[in-house]
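[1] next input, structure requested:
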Amino acid sequence: MQSIQVKELMVPLGDYATVQEDATLYEAVLALEAAQQSVVPGREKHCAILVRDAGGRVIGKLSRWSILKGIEPRYKHIEDLTETSRFGFSPEFLRSMLSEYGLFRTALEDLCRKAAEMNVKEMMQTPAEGEFVEETATLDQAIHQLVMGHLASLLVTRGGEIVGILRLSDVFAEICERVKACRR
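    Modelled structure (predicted):
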């Protein structure tokens, strides 16, 4: 897999759902729907929206997780959800958290209505250092980053600028094709 470069599997930035940092979640959902219409048949639909600043640079990402956390504002009061979630929790503990933090006491429809008007900058994840990969990196390097970081995607760079996104779904599809080819 050292012969495959990340740029061969990435989705170019121009083909991915993006919104400006001052967009609402409603506008982001519409942008995601529009981008999904142009997905090449046979490839997975997009499941995130990239957020751009006024200069057009990508500054964050709205993932499925960030949107789900964003619709219930009280999740902000729970210490570092991403770190603690790796330990696994008992059903009893999870139920106690719903009560203790008052999560989802408001009807889901009301939460969604409020979230639709929220600014995406409030919900987005800012990429960490390990979420970037150079477009000329090999696929095995990218797989290592995805696995070690438990990531759904990597932002692909060229000379420090983000030019695309490498999705776990595309890497997985490539690996499956290679596994099948080994038996032929």
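
[2] all strands of this structure, in order?
    Under the criterion DSSP state E, the chain contains strands at 11-12, 18-20, 49-52, 58-62, 132-134, 153-158, 161-167.

[3] elements contacting the fifth one?
    Packing partners of strand 132-134 (3 or more Cβ pairs under 8 Å, 6 or more residues apart in numbering; DSSP states H and E): helix 139-149, strand 153-158. For the C-beta atoms, the positions are set from N, CA and C on the backbone; glycine is no exception.

[4] same thing with the last one?
    Where contact means 3+ Cβ pairs under 8 Å, 6+ apart, strand 161-167 is packed against strand 11-12, strand 153-158.

[5] likewise for the shortest one?
    Applying 3+ Cβ pairs under 8 Å, 6+ apart, one finds that strand 11-12 contacts strand 161-167.

[6] how about the second one?
    Contacting strand 18-20 under the criterion 3+ Cβ pairs under 8 Å, 6+ apart are the following elements: helix 25-37, strand 49-52.

[7] only C-alpha atoms, please: export the shortest one in CSV.
    By that I understand strand 49-52. What follows is strand 49-52, C-alpha atoms only, in CSV (Å, rounded to 0.1, in the frame of the first residue of the first chain):
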residue,chain,number,x,y,z
ILE,A,49,-19.6,19.4,6.6
LEU,A,50,-16.3,21.4,6.5
VAL,A,51,-16.4,24.9,7.9
ARG,A,52,-14.5,27.8,6.2
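
[8] that strand pairs with which strands, parallel or anti?
    strand 18-20 (parallel), strand 58-62 (antiparallel) (DSSP bridges).

[9] what sits up against it?
    13, 16-21, 23, 28, 31-32, 58-62, 120-121, 124, 162, 165 (Cβ atoms under 8 Å, 6 or more residues apart in numbering).

[10] now with 7 Å, please.
    Contacts with strand 49-52, where a contact means Cβ atoms under 7 Å, 6 or more residues apart in numbering, come from 16-21, 28, 31-32, 58-62, 120-121, 124.

[11] ditto for stretch 12-19
    With Cβ under 7 Å, 6+ apart, stretch 12-19 has contacts from 27-28, 31-32, 35, 38, 46, 49-52, 120, 162-165.

[12] and that stretch, what's buried?
    Using 16 or more other Cβ atoms under 10 Å as the test for burial, stretch 12-19 gives 13, 16-19.

[13] for the nearest residue to residue 118 once chain neighbours are set aside, give its distance to residue 38.
    With sequence-adjacent residues excluded and distances taken as Cβ to Cβ, 6 or more residues apart in numbering, residue 118 is closest to residue 25, at 5.1 Å. According to Cβ to Cβ, to the nearest Å, residue 25 and residue 38 sit 21 Å apart.
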